[in-house]
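> From the sequence below, what's the structure:
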Amino acid sequence: MTLPPAPSSSPASPGAADPATDEGRYLALLARDARFDGHFFTAVTSTGIYCRPVCAVRTPRRENCRFYTLAAQAEGAGFRPCLRCRPELAPRALVWSVQDASGILVQQAVRLLDAPDLWPAPASPVKSAEGATVARLAERLGVSDRHLRRIFESALGVSPLQYLQTRRLLTAKQLLTDTAMPVTQVALASGFASVRRFNAAFSGHYGLNPTQLRRSGTHAGAAAGTGRNNNNVNALRLAWRPPFDVSALMAFFERRQFHGVEWVVPGSDAPTLRRTVRLPAACTGLPHETTGWLSARFDVERRLVLLQTSDSLYPVLPLVIRRVRAMLDLDADPAAINAVLHPHFPDGDGLRVPGAFDGFELAVRAVLGQQITVAAARTLGQRLVERLGEPISTPWPELNRLFPKPATLAATDGDVLGHMGIVRQRQAAIVALARAVESGTLALHAGAEVHQTTAALCALPGIGDWTAQYIAMRVLRWPDAFPAGDVALHKALGVQGHKSPARAATEASQAWRPWRSYAVLRAWAAGTTVVPRPENPELSKQ
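Numbers count the residues shown, from 1 in each chain. You can find the predicted model right below:
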């Protein structure tokens with residue numbers, strides 16, 4: 001797994017820190033370069049501990065350092081996570097490929113191991129829990145479990161089960177440190193079948209029991225200076241890599257927010273996104289749906305999002321964390337993206353692709369916004385929420401509604417939608433979309449297969465390639481999505497006068513692969529490309 005070097009124009013160690021080599025990684029460690037956070041971990045032989053590149057402790061001697069791409073590799077070599085920099089907070093290293101089949105398989109396997117709620121039910125009974133784990137993952141990927149193990153271990157040097165065990169332990173470590181959840185609840189939320197197995201895994205890997213780690217971790221987290229006031233004590237900390245244009249991201253959400261469901265609280269140093277949450281039983285494994293609220297506050301100075309949730313979401317916090325990271329695009333790798341896009345969009349290095357907490361909600365938003373302005377789409381969505389959304393109690397009067405669930409919209413009469421101002425074509429699209437999601441024939445989440453999902457979307461009435469690509473960009477988190485038929489994009493690229501503007505836009509986009517989703521967002525925002533463009537390009541309709 002080769003990591004791209006940082007752009008030479010960046011302020012830290014110009015061109016010197018190449019994270020593809022151990023010497024380059026040590027230079028990044030010396031500089032505490034946040035751009036490489038999550039790309040590698042440094043294990044120190046003299047202490048038996050592994051850290052993030054941004055750790056504030058005294059830099060170890062070069063001869064005592066061992067470098068690993070994954071936390072699972074460091075733990076497999078016998079090292080324990082640092083209680084100060086907390087490796088579980090590091091942004092994930094998402095490496096994308098559109099050519100290497102083995103690489104794509106490993107990437108998909110890692111994504112699914114990071115999100116076990118996306119696994120299907122096993123097709124046949126398997127005796128051992130370990131066998132069931134790998135068998136279910138292999139089934140989801142359409143390969144044999146033997147082939148999966150071979151490819152995974154060849155690429156990463158650890159087995160799928162070793163990777164999953166590390167992910168569960170680090171998730172539990174974060175919950176123990178940042179929340180007051182009971183240890184039993186932490187164990188179950190982190191994916192352990194029993195508290196006994198949880199305690200045994202903790203003692204075996206970290207040399208102390210969960211209660212001891214909670215005391216040590218809480219103290220270390222405070223000492224690391226990740227929060228300045230008591231409001232941060234019970235906040236989950238989510239890190240990102242710079243640069244990050246937080247203001248642009250929050251403005252995007254604010255312009256599209258539905259009152260009652262979302263609330264963007266602006267601010268230069270601590271902008272906050274709050275929203276209500278609904279998680280169906282199908283994605284949590286619980287016997288009933290889970291509802292609540294979350295508040296994601298940006299600490300720009302420390303490159304953190306401080307996440308707080310309602311107590312009702314505690315049993316599903318790992319899932320909430322994953323969705324918030326995707327919604328805010330916290331795992332983006334600006335160095336890799338900007339290496340491709342900076343020459344074409346020099347002013348967009350900090351832009352992120354806004355995601356979605358709920359894939360169905362975003363898909364309905366996309367349908368409502370077809371061929372109309374953002375303001376008009378927001379008005380229609382607001383009517384939908386007020387008429388069909390369920391009330392919910394939160395600490396803020398600005399948040400009091402849940403977005404309608406698929407079952408509600410699937411059973412809604414066309415006349416009801418028509419009275420809201422939604423035209424017949426979009427009525428049919430929304431109802432068909434809701435029925436597909438409710439029946440389970442259409443999955444809208446970051447682990448869904450991109451090409452199958454976009455094809456299934458296009459097969460629904462009233463949904464075409466533009467809408468499917470937009471959903472792929474924001475819901476499926478596909479970095480190479482490209483809505484070739486977007487009129488605003490044609491204007492930004494200066495190809496609206498071509499006989500086939502969609503084909504011309506697609507040809508122009510080849511230089512941006514595999515980051516066309518980010519390129520589209522930058523073109524919408526600035527209209528700056530390598531080809532001629534109109535003087536006043538419009539922003540996207542979505």
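
> what are the ranges of the strands in the chain?
For the chain, strands defined by DSSP state E occupy the ranges 41-44, 49-51, 65-68, 80-81, 236-239, 262-265, 272-279, 290-299, 304-309, 390-391, 401-402.

> In the protein, where is pLDDT below threshold?
Scanning the chain for pLDDT under 70 picks out 1-19, 94-101, 116-132, 216-233, 527-542.

> cutoff 50 now
1-16, 122-127, 219-233, 528-542 (pLDDT under 50).

> which helix in it runs the most residues?
Longest helix in the chain, counting residues (DSSP state H): helix 160-178.

> CA atoms only for that helix, dumped as CSV, please.
Output in CSV follows, covering the C-alpha atoms of helix 160-178 (Å, rounded to 0.1, in the frame of the first residue of the first chain):
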residue,chain,number,x,y,z
PRO,A,160,-9.0,-10.2,8.5
LEU,A,161,-9.7,-11.3,12.1
GLN,A,162,-6.6,-9.6,13.5
TYR,A,163,-7.7,-6.4,11.7
LEU,A,164,-11.2,-6.7,13.1
GLN,A,165,-10.0,-7.4,16.6
THR,A,166,-7.9,-4.3,16.6
ARG,A,167,-10.8,-2.2,15.3
ARG,A,168,-13.1,-3.5,18.0
LEU,A,169,-10.5,-2.9,20.8
LEU,A,170,-9.7,0.7,19.6
THR,A,171,-13.4,1.5,19.3
ALA,A,172,-13.9,0.2,22.9
LYS,A,173,-10.9,2.2,24.0
GLN,A,174,-12.4,5.4,22.6
LEU,A,175,-15.8,4.7,24.2
LEU,A,176,-14.1,4.0,27.6
THR,A,177,-12.1,7.2,27.4
ASP,A,178,-14.6,9.6,26.0
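
> hmm, back to that, distance to residue 492 and mean neighbour count added to the strands of the chain, as TSV?
Placement of C-beta: from N, CA and C, glycine included. Compiled in TSV, these are given as follows (distance: least, C-beta to C-beta, whole Å; neighbours: other C-beta atoms under 10 Å):
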stretch	distance to residue 492	mean neighbour count
strand 41-44	40	24
strand 49-51	43	25
strand 65-68	41	19
strand 80-81	45	21
strand 236-239	32	22
strand 262-265	25	20
strand 272-279	27	22
strand 290-299	28	21
strand 304-309	30	22
strand 390-391	39	12
strand 401-402	35	22
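
> Once you drop chain neighbours, what's closest to residue 378?
Spatial nearest neighbour of residue 378, excluding adjacent residues (C-beta to C-beta, 6 or more residues apart in numbering): residue 256 at 6.0 Å.

> I'd assumed residue 374 was in contact with the one you found.
Yes - using C-beta atoms under 8 Å, residue 256 is in contact with residue 374, at 6.3 Å.

> Neighbour count for these two, which is higher?
residue 256 (19 against 15; other C-beta atoms under 10 Å).

> distance of that one from residue 375?
Separation of residue 256 from residue 375 (C-beta to C-beta, to the nearest Å): 10 Å.

> What are the contacting residues of stretch 428-443?
Residues from elsewhere that reach stretch 428-443, judged by C-beta atoms under 8 Å, 6 or more residues apart in numbering: 282, 359-360, 363-364, 367-368, 406-410, 412, 414, 417, 422, 444, 453, 456-457, 460-463.

> One more pass at 7 Å, please.
360, 363-364, 367, 406-407, 409-410, 412, 417, 444, 453, 456, 460-463 (C-beta atoms under 7 Å, 6 or more residues apart in numbering).

> Mind listing what's buried along it?
When neighbours are counted by 16 or more other C-beta atoms under 10 Å, the buried residues of stretch 428-443 are found to be 428-438, 442-443.

> And stretch 198-208, by the same measure?
For stretch 198-208, the neighbour count (16+ other C-beta under 10 Å) marks 198-199, 201-202, 205-206 as buried.

> any chance of these in JSON lines, plus distance to residue 475?
As requested, the buried residues of stretch 198-208 are exported to JSON lines (distance: C-beta to C-beta, whole Å):
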{"residue": "198", "distance to residue 475": "32"}
{"residue": "199", "distance to residue 475": "38"}
{"residue": "201", "distance to residue 475": "33"}
{"residue": "202", "distance to residue 475": "35"}
{"residue": "205", "distance to residue 475": "35"}
{"residue": "206", "distance to residue 475": "36"}
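
> between those, which is closest to residue 398?
Each of those was scored against residue 398 by C-beta to C-beta, and residue 198 proved nearest at 38.2 Å.

> For that closest one, which non-adjacent residue is spatially closest?
Leaving aside its chain neighbours, residue 198 sits nearest to residue 187 (3.6 Å; criterion: C-beta to C-beta, 6+ apart).

> I'd like the distance between the residue nearest to residue 378 and residue 183.
Residue 256 sits 40 Å away from residue 183, going by C-beta to C-beta.

> before we move on, back to that, the longest helix of the chain packs against which elements?
Judged by 3 or more C-beta pairs under 7 Å, 6 or more residues apart in numbering; DSSP states H and E, helix 160-178 is in contact with helix 71-76, helix 101-114, helix 129-141, helix 145-156, helix 183-189, helix 195-206, helix 210-223, strand 236-239.

> Just put the ones you listed in TSV and tack on distance to residue 316.
TSV is the format used below for those (distance: least, C-beta to C-beta, whole Å):
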stretch	distance to residue 316
helix 71-76	23
helix 101-114	15
helix 129-141	19
helix 145-156	27
helix 183-189	7
helix 195-206	17
helix 210-223	19
strand 236-239	13
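
> Can you tell me which of those is nearest to residue 44?
helix 71-76 (10.2 Å).

> Give me the residues contacting that closest one.
41, 43, 50, 68, 87, 157-158, 162-163, 166, 170, 205.

> do the same with stretch 309-325
Contacts for stretch 309-325 (C-beta under 7 Å, 6+ apart): 114-115, 117, 171, 175, 181, 185, 189-190, 236, 238, 277, 279, 283-284, 286, 290-294, 296, 307, 331, 357.

> before we move on, the earlier item: how about CSV for the buried residues of stretch 428-443, with distance to residue 23 added?
Shown next, in CSV, are the buried residues of stretch 428-443 (distance: C-beta to C-beta, whole Å):
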residue, distance to residue 23
428, 60
429, 55
430, 56
431, 59
432, 56
433, 52
434, 55
435, 57
436, 52
437, 50
438, 55
442, 48
443, 44
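
> Next step: those residues restricted to helices.
428-438.

> Let me know the closest of those to residue 264.
Proximity of these to residue 264 (C-beta to C-beta) peaks at residue 430, which lies at 24.8 Å.

> mind checking how far residue 413 is from residue 422?
12 Å.

> quick one: which of these two has more around it?
Using other C-beta under 10 Å, the more surrounded residue of residue 413 and residue 422 is residue 422, with 20 against 10.

> which residues does the residue lying closest to the more buried one once chain neighbours are set aside contact?
Closest residue in space to residue 422, ignoring its immediate chain neighbours: residue 380 at 5.8 Å, by C-beta to C-beta, 6+ apart. When contacts are counted by C-beta under 7 Å, 6+ apart, residue 380 touches 368, 420-422.

> Now which of those residues would you call buried?
Judged by 16+ other C-beta under 10 Å, buried ones among those: 368, 420, 422.

> excluding its backbone neighbours, what's nearest the most centrally placed residue in the chain?
The centroid of the chain falls nearest to residue 326 when counting by C-alpha atoms, centre = their mean (1.9 Å). Take residue 326 and drop its neighbours on the chain: the residue closest to it by C-beta to C-beta, 6+ apart is residue 355, 4.4 Å away.

> can you give me phi and psi for the one you found?
Torsion angles at residue 355 (phi, psi; degrees, to the nearest 10) stand at phi -100, psi -150.
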